[in-house]
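A.B. asks: Have a look; sequence and predicted model below, questions after that.
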Amino acid sequence: ALILKKLIKDAERIKGKIDEAVVTVPANFLETARRATKDAGEMAGLKKVTLIDEPVAAALLYAKTQEVYGSALVFDLGGGTFDVTIANIEGTDVKVVSSLGDSRLGGKDFDRALAGVIKDEYMESCGEALFDDEPGYELLFQAEEIKKTLSRRDKHKAVVIGPAGPQQLEITRSQFENAISSYLGKIESVLGIVLDEAGVVAGDIDHV
């Protein structure tokens, strides 16, 4: 509610009075979460809150700005949620054919997996444990930066600070890919189910 209130306040400086809003939510948001989102909008002073699934919103924008027609697969892997939607687009008419996701799968899981790799490398380097149960915020932030670098390079050298002092570690893309293999398996599984439900194969999709 506080976030929406701030957004409304900022927008009103440009647009004038705002009492209605469209809020995007993950496709697999439960009804309780959707109700809570609407309640937050009312608490922020909105008279009407319309919810739209994020993949549908993406397809609508794509249809409007790219002028595409045919079947489109919307692949939405965010920080904490994952959705896949297949939609048919005719002008600005978007019809959802199938949609599925995992509300507990996202980039944060990749960061934690990479933090585990860093922990193993740190232990091998100096014989000390980098963390006990859960990695701290600073290590997760560093893991995210290394993850981005490994998108461009096969390996990355990083100085990691822990109980035994700073250690220079080399992390490879293959180590990262091995660490997230179970998550990639989940992603492939969801993709397969969505394609099956839509009655199509990957080659039938016109746009991604």
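C.D. replies: Structure's in. What do you need? Numbering: from 1, shown residues only.
A.B. asks: What count of nearby residues applies to Thr129?
C.D. replies: Not Thr; residue 129 is Ala. The number of residues packed near Ala129 is 12, by other CB atoms under 10 Å. (C-beta placed from N, C-alpha, C; glycine too.)
A.B. asks: Tell me both backbone torsions, phi and psi, for it.
C.D. replies: In this entry, Ala129 is assigned phi and psi values of phi -80, psi 130 (degrees, to the nearest 10).
A.B. asks: number of nearby residues for the closest residue to it other than its chain neighbours?
C.D. replies: Nearest-residue entry for Ala129: Met123, 6.2 Å, with adjacent residues in sequence omitted and distances by CB to CB, 6 or more residues apart in numbering. Using other CB under 10 Å, Met123 has 15 neighbouring residues.
A.B. asks: And the strands in the chain?
C.D. replies: With DSSP state E applied, the chain shows strands at 20-25, 48-53, 69-77, 82-90, 93-102, 155-162, 165-172, listed in chain order.
A.B. asks: what's the spacing between the longest one and its chain's center?
C.D. replies: Read that as strand 93-102. Distance, stretch centre to chain centre, for strand 93-102: 17 Å (CA atoms, centre = their mean, to the nearest Å).
A.B. asks: Just the C-alpha atoms of it, please, in PDB.
C.D. replies: Taking Å, rounded to 0.1, in the frame of the first residue of the first chain, the C-alpha atoms of strand 93-102 are listed here in PDB:
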ATOM      1  CA  ASP A  93      -6.400  -8.800 -29.300                       C
ATOM      2  CA  VAL A  94      -4.500 -11.200 -27.000                       C
ATOM      3  CA  LYS A  95      -5.900 -14.600 -26.200                       C
ATOM      4  CA  VAL A  96      -4.100 -16.700 -23.600                       C
ATOM      5  CA  VAL A  97      -3.900 -20.300 -24.700                       C
ATOM      6  CA  SER A  98      -2.000 -21.800 -21.800                       C
ATOM      7  CA  SER A  99      -0.100 -20.500 -18.800                       C
ATOM      8  CA  LEU A 100       1.900 -22.100 -16.000                       C
ATOM      9  CA  GLY A 101       4.600 -21.100 -13.600                       C
ATOM     10  CA  ASP A 102       6.500 -21.600 -10.300                       C
END
